[in-house]
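In: Here is my input; please provide its structure:
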Amino acid sequence: MSQQEEWKKLEQYRTRFIQEISKNMYLYGITPSVGRLYGTVFFADEPLTLDEMSKELGMSKTSMSTGIRNLLDSDMVERVWQKGVRKDLYQTEEDWYKSFSSLFVNRWRAAVDDNLEAGIELSGALDELYTETKDDKLKEVIEIDRKKLEKAKSYYEWLGQVIELFESGKIYEIVPKPKKD
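Out: The predicted structure follows:
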């Protein structure tokens, strides 16, 4: 196999990995196109500008800017500085654990808080309806709903404790990061 063919093979392997990453980025609330952007930045030999990303992916600079902003917000990439370079440069965050923790905490904390708030509102509405109604069957159903809401509240409080493990970093005491080579 010629050297040129070997380099082409490497690009094929990278492309396959990038496709898998982009296919599964929905788990992080990230679109496949932004996943491809992440993969491109990940395999870059040095930090990239938006122009370089745009050229590499064949997408507009505006799309690159939006995508990189999503990745910055998710702590998956970071802006870096190089002497003599005036444009913003980006590279992937090297600490994937930090990226995951940040993304997990931000997305799940908001969901848990929203769900707990909705449960509190519904509980208040159920209490009001319970005191107003004369219908015994409706009161029974409201009691069942109250019990369901208590279970939901317990779950969301537990999930809040899991999120706290990530926020505090205590998760790594329970599930340690692999030792660096």
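In: what does the model give G39 for pLDDT?
Out: What the model reports for G39 is a pLDDT of 93.
In: Now do the strands in this structure.
Out: 77-80, 89-92 (DSSP state E).
In: buried residues in the first one?
Out: Neighbour-count burial for strand 77-80, counted by 16 or more other CB atoms under 10 Å, picks out V77, E78. Heads up, the C-betas are built off the backbone N, CA and C, glycines and all.
In: mean confidence score for it?
Out: In this model, strand 77-80 has an average pLDDT of 93.
In: With respect to D45, which of the strands of the chain lies nearest?
Out: The minimum distance between D45 and these falls on strand 89-92, with 10.2 Å, by CB to CB.
In: Pull that closest one out as PDB, backbone CA atoms only.
Out: What follows is the C-alpha trace of strand 89-92 in PDB, where atoms were taken according to Å, rounded to 0.1, in the frame of the first residue of the first chain:
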ATOM      1  CA  LEU A  89      -9.100  29.600  17.400                       C
ATOM      2  CA  TYR A  90     -10.900  26.600  18.800                       C
ATOM      3  CA  GLN A  91      -9.900  23.200  20.000                       C
ATOM      4  CA  THR A  92     -11.700  20.400  21.800                       C
END
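In: Who are the packing partners of it?
Out: In terms of contacts (3 or more CB pairs under 8 Å, 6 or more residues apart in numbering; DSSP states H and E), strand 89-92 is packed against helix 32-43, helix 61-73, strand 77-80.
In: Just want the angle from the first one to helix 61-73.
Out: An angle of 70 degrees separates the directions of helix 32-43 and helix 61-73 when computed by axes from the mean of the first three to the mean of the last three CA atoms, to 10 degrees.
In: OK, contacts around L48?
Out: T40, V41, E56, L89, Y90, Q91 (CB atoms under 8 Å, 6 or more residues apart in numbering).
In: Equivalent analysis for D51, please.
Out: K61, K87.
In: that older thread, and of the helices and strands packed on strand 89-92, who's closest to I163?
Out: Comparison of the helices and strands packed on strand 89-92 against I163 by CB to CB identifies helix 61-73 as nearest, at 17.8 Å.
In: buried residues in the closest one?
Out: S63, M64, T66, G67, I68, N70, L71.
In: a markdown table please, covering these and showing pLDDT and distance to D136.
Out: Formatted as a markdown table, the entries for the buried residues of helix 61-73 read as follows, by pLDDT from 0 to 100; distance: CB to CB, whole Å:
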| residue | pLDDT | distance to D136 |
| --- | --- | --- |
| S63 | 90 | 60 |
| M64 | 90 | 63 |
| T66 | 93 | 56 |
| G67 | 93 | 58 |
| I68 | 95 | 60 |
| N70 | 90 | 53 |
| L71 | 92 | 56 |
